[in-house]
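**Student:** Pasting the sequence and the predicted coordinates here, then a few questions.
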Amino acid sequence: MNNVTQSLALSLYIFFASLVLGATIANAHHSNVEYDFSEIHELQGEIIHVSWRNPHVEITILTEEADGKESVWELEAQDINSLSRSGLNGSMIHVGDIVRVAGNVSMQRANNLSVNNLLLPNGTEIRLRGNPARRWSTEEHIGFDRITAEQARAEAGEGEGLFRVWMNTGPGGFPPQLPLTTDARTAQANWDAANDLTMQCISSGMPAAMRLSPPHPIELSMHEGNIMLRVELFDITRIIQMNSDAMASDEPASALGHSVGHWEGDTLVINTTRINWPFFDHQGIIPQSDTVQVTEQLSIGDDKNLMTYEITVTDPTTFTQPVSGSWVMGWRPDMQIEPYECIAPTG
């Protein structure tokens, strides 16, 4: 391969990796880009293992082909918190059950399925991931009739202020093509998915801690004169200092940094420094220096049940210019922050 071809290949890799990173930061704690969403694949088999844990539930089934050959399939479902909100708990699925499942096949891992629908032996159909339609003609079903965010807000009426539970309402985040420095591009290109920090249950520091990705909410509340900001994903709690006279430079560095807030009218502005989390993202793809500074703005507009969240990250070691992202958050009166308690896989 000549130098021109190598340069082109590296540029294409970085471009597509940036697209994946942008989507991942905005939408999920574990990227779904590996799955083929153009086709639904259906299987029937015996459950031989269930791992009921975060970051996602895993089910292993043993299937038998028409020629009698057996195959083992790994099924990935949504996280425990989301399944619980849909009315599902681990006691409903048992080793030894003969089940039917439908979902999307991995394009990277053999016999791996992102499972959307599951049919239990008693005829109950369960929604395990995404927002699929019911697939089989059954009388009993779980997770398909959950109240929507719009219905919850309509029933609750108009809320007031920032101090509520919120969830991302749709696409948002940082731009797909980030202005990376040469060193940051090199680190990104050398990243190995086997080193995904999320799948090791390693909780992120700032700014990656603010993964405003459904289906996980955040909550703002007052706490001893300061503001507590809780992120359900990975059980993150931030304290925003509102009345501190301490110099940020005198505060100890930490993964979440030292956050100081103030009000500009009805907009909450948060400045965070003293961050020693070494990555811009939650997976550990793009490096970050300890000189990084983060500014956030949270505001409510004409629709009192929607909040705009904006974030700007400045780190000359990683970016050639500051990068900004934004999300629209919706009030979720039907939710509260639940323990996440991620458990890393073993072996």
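**Tutor:** Perfect, thanks for sending it.

**Student:** Tell me, how many residues neighbour E264?
**Tutor:** The local packing of E264 (other C-beta atoms under 10 Å) involves 9 other residues. Yep, even glycine has a C-beta here, placed from its N, CA and C like the rest.

**Student:** for it, phi and psi?
**Tutor:** phi -120, psi 90 (degrees, to the nearest 10).

**Student:** and the gap between it and E310?
**Tutor:** Distance, E264 to E310, using C-beta to C-beta, to the nearest Å: 12 Å.

**Student:** F319 too?
**Tutor:** Distance from F319 to E310, by C-beta to C-beta: 17 Å.

**Student:** Over to G157?
**Tutor:** Remark: distance between G157 and E310 (C-beta to C-beta) = 27 Å.

**Student:** Please settle this for me: is V269 part of a helix?
**Tutor:** No. Counting by DSSP: H, G, I helix; E, B strand; the rest coil, V269 is not part of a helix but strand.

**Student:** doesn't S299 make contact with it?
**Tutor:** No. The pair V269 / S299 is not scored as a contact, 9.2 Å apart, by C-beta atoms under 8 Å.

**Student:** Looking at F319 and E310 now, which is surrounded by more residues?
**Tutor:** Taking other C-beta under 10 Å, F319 and E310 do not tie; F319 has more neighbours (19 against 16).

**Student:** Let's test this: name the helix or strand in this protein with the lowest mean pLDDT.
**Tutor:** Lowest by mean pLDDT, DSSP states H and E among the helices and strands of the chain is helix 3-27, with a mean of 38.

**Student:** So what are the sheet partners of the helix or strand just after that one and their directions?
**Tutor:** As assigned by DSSP states H and E, the chain's next helix or strand after helix 3-27 is strand 41-51. Strand 41-51 has its sheet partners listed here by DSSP bridges as strand 58-64 (antiparallel), strand 98-105 (antiparallel).

**Student:** Pull out the buried residues from strand 41-51.
**Tutor:** L43, G45, I47, V50 (16 or more other C-beta atoms under 10 Å).

**Student:** what ranges do the strands span in the stretch 51-200 of the chain?
**Tutor:** Under the criterion DSSP state E, counting those that start in this stretch, the stretch 51-200 of the chain contains strands at 58-64, 70-76, 98-105, 112-119, 125-127, 141-142, 165-168.

**Student:** outside of the second one, which residues touch it?
**Tutor:** When you say that, I think you mean strand 70-76. For strand 70-76, the surrounding residues in contact (C-beta atoms under 8 Å, 6 or more residues apart in numbering) are 43, 45, 48, 56-65, 101, 103, 109, 111-115, 128-129.

**Student:** Mark which of those are buried, thanks.
**Tutor:** Buried among these (16+ other C-beta under 10 Å): 43, 45, 56-61, 101, 103, 112-115, 128-129.

**Student:** Name the nearest of these relative to Y340.
**Tutor:** H56 (11.6 Å; C-beta to C-beta).

**Student:** Which residues are in contact with that closest one?
**Tutor:** Per C-beta under 8 Å, 6+ apart, neighbours of H56: H30, E76, A77, Q78, D79.

**Student:** just A184 next, same as before
**Tutor:** By C-beta under 8 Å, 6+ apart, the contact set of A184 is I286, P287, T317, T318, F319.

**Student:** Would you mind naming the residues that bridge with the closest residue to E65 other than its chain neighbours?
**Tutor:** Spatial nearest neighbour of E65, chain neighbours left out: S71 (6.7 Å); criterion: C-beta to C-beta, 6 or more residues apart in numbering. Counting by DSSP bridges, S71 forms beta bridges with T63.

**Student:** Now do S71 against L113, distance only.
**Tutor:** For S71, the distance to L113 equals 11 Å [C-beta to C-beta].

**Student:** Same check on G143?
**Tutor:** Separation of G143 from L113 (C-beta to C-beta): 18 Å.

**Student:** Of the contacts of A184, grab the buried ones for ChimeraX.
**Tutor:** Of the contacts of A184, the buried ones can be selected in ChimeraX as follows, counting by 16+ other C-beta under 10 Å:
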select :286,287,318,319
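
**Student:** quick one: which of the contacts of A184 is nearest A187?
**Tutor:** Comparing the contacts of A184 against A187 with C-beta to C-beta picks out P287 as the nearest, at 4.9 Å.

**Student:** Show me what the closest one is bridged to.
**Tutor:** F279.

**Student:** per-residue pLDDT, it?
**Tutor:** What the model reports as pLDDT for P287 is 97.

**Student:** who are the neighbours in contact with it?
**Tutor:** D183, A184, A187, P278, F279, F280, T317, T318.

**Student:** Quick check, the first one in contact with D315.
**Tutor:** No. Counting by C-beta under 8 Å, D183 sits too far from D315 to count as a contact (11.5 Å).
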